[in-house]
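*Asks:* fold the following and give me the result.
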Amino acid sequence: MHEDLLEKMTTMRLLGMKRAFTESLQAGAQTHTADELLHYLLEAEWDDRHNRKINRLTRAARFRYQANIEELLFDEHRQLDQNLVHRLAGCDFIKKAENVLITGSTGVGKSYLISALGHQACHLGYRVMYFNLNRLFTQLKMAKADGSYLSKVIRIEKQDLLILDDFGLKPLDHVKSHLLMDIIEDRHGKKSTIMASQLPVSKWHETISESTLADAILDRIVHHAHRIDLKGESLRKRKPKK
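*Replies:* Numbering: from 1, shown residues only. As a prediction, this is how the structure comes out:
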């Protein structure tokens, strides 16, 4: 009878329940009531599905770093507001379709911070995509050439959180400005975007080739966005303590 039950669990893809049931069999005689056993098996199945969903969302996001909020450095030199970060980690900004702008010089931990926020969003069940902005532009140009541009943009639009790293690393020409406008316009007021840049927000306008497009893009990104401006020396220069 046990083998038949295990086979049915496998067929129905109740993998967490199967593992828990197998463990209960291996443990020998139990004193669980029927209600307790059912609760134990359902909890195991729930946890297994939840963990698989998190893993699936995390793989799809393609984060730059395996990062988490607990490992962030909040020393005074970085001027990283711990209360703000923990509020953002609750991901209410995603529910409200708000944006987050993170700035700071090279090496201060911008990419790690946005990866940590992205991982937290995946853990809470949100769909996330992470891109280096220049690589995204390359992908979109190739998509225009092979006819898959529309499906690519629609997929990006559906993400609960879009993370764009290294904005302003290179000036945006006419084509890139229009590509960015397509993405931002589709998400404005509906989905959240995190952008990270070495440049202060006050310099973003001049990196976009056309003034009219720059006004339109920044109007949709900057207003009412949460801002974090990281300070301090490059974390890559810090030597690990013995």
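*Asks:* how is this protein divided into domains?
*Replies:* With domains defined by automatic domain parsing, the chain comprises 2-25+35-60, 62-235.
*Asks:* any idea which of those is most buried?
*Replies:* Stretch with highest mean neighbour count among those: domain 62-235 (a mean of 17; mean count of other Cβ atoms under 10 Å). Just so you know, the C-beta spots here come from the backbone N, C-alpha and C atoms, and that holds for glycine as well.
*Asks:* and it, average pLDDT?
*Replies:* For domain 62-235, mean pLDDT is 93.
*Asks:* list the contacts of the residue most central in space within the chain.
*Replies:* The chain has Gly118 as the residue nearest its centroid, 2.5 Å off, counting by Cα atoms, centre = their mean. Each residue near Gly118 by Cβ atoms under 8 Å, 6 or more residues apart in numbering is listed here: 61, 63, 128, 130, 161, 163, 194.
*Asks:* and if you look at Asp166?
*Replies:* 132-134, 196-198.
*Asks:* let's have those in CSV, adding secondary structure.
*Replies:* What follows is those, written out as CSV (DSSP: H, G, I helix; E, B strand; the rest coil):
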residue, secondary structure
Asn132, strand
Leu133, helix
Asn134, helix
Ala196, strand
Ser197, strand
Gln198, coil
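*Asks:* what helices and strands are in contact with whatever helix or strand Ser24 lives in?
*Replies:* Using DSSP states H and E, Ser24 sits within helix 15-26. Packing partners of helix 15-26 (3 or more Cβ pairs under 8 Å, 6 or more residues apart in numbering; DSSP states H and E): helix 2-11, helix 34-61.
*Asks:* report the secondary structure state of Leu164.
*Replies:* Following three-state DSSP, we place Leu164 in the strand state.
*Asks:* separation between it and Asp75?
*Replies:* Going from Leu164 to Asp75 by Cβ to Cβ, to the nearest Å gives 27 Å.
*Asks:* just Thr138 next, same as before
*Replies:* The spacing between Thr138 and Asp75, counted by Cβ to Cβ, is 36 Å.
*Asks:* Ile156 now?
*Replies:* Ile156 sits 35 Å away from Asp75, taking Cβ to Cβ as the criterion.
*Asks:* need the helices for the chain, in chain order.
*Replies:* Using DSSP state H, the helices of the chain run over 2-11, 15-26, 34-61, 82-89, 92-95, 110-123, 133-146, 149-158, 174-187, 211-221.
*Asks:* quick one: Thr138 from Pro171, how far?
*Replies:* Distance check for Thr138 against Pro171: by Cβ to Cβ, it reads 16 Å.
*Asks:* can you check Ala44 too?
*Replies:* Applying Cβ to Cβ, the value for Ala44 to Pro171 is 54 Å.
*Asks:* repeat that for His188.
*Replies:* Distance, His188 to Pro171, using Cβ to Cβ: 23 Å.
*Asks:* likewise for Leu5?
*Replies:* Leu5 is 64 Å from Pro171, where distance means Cβ to Cβ.
*Asks:* repeat for Gly104
*Replies:* According to Cβ to Cβ, Gly104 and Pro171 sit 20 Å apart.
*Asks:* what do you get for Ser211?
*Replies:* Distance from Ser211 to Pro171, by Cβ to Cβ: 13 Å.
*Asks:* same question, His119
*Replies:* On the measure of Cβ to Cβ, His119 and Pro171 end up 31 Å apart.
*Asks:* distance to Ser234 for the helices of the chain - can I get that in a markdown table?
*Replies:* Output for those, formatted as a markdown table (distance: least, Cβ to Cβ, whole Å):
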| stretch | distance to Ser234 |
| --- | --- |
| helix 2-11 | 51 |
| helix 15-26 | 44 |
| helix 34-61 | 25 |
| helix 82-89 | 20 |
| helix 92-95 | 28 |
| helix 110-123 | 11 |
| helix 133-146 | 21 |
| helix 149-158 | 31 |
| helix 174-187 | 27 |
| helix 211-221 | 26 |
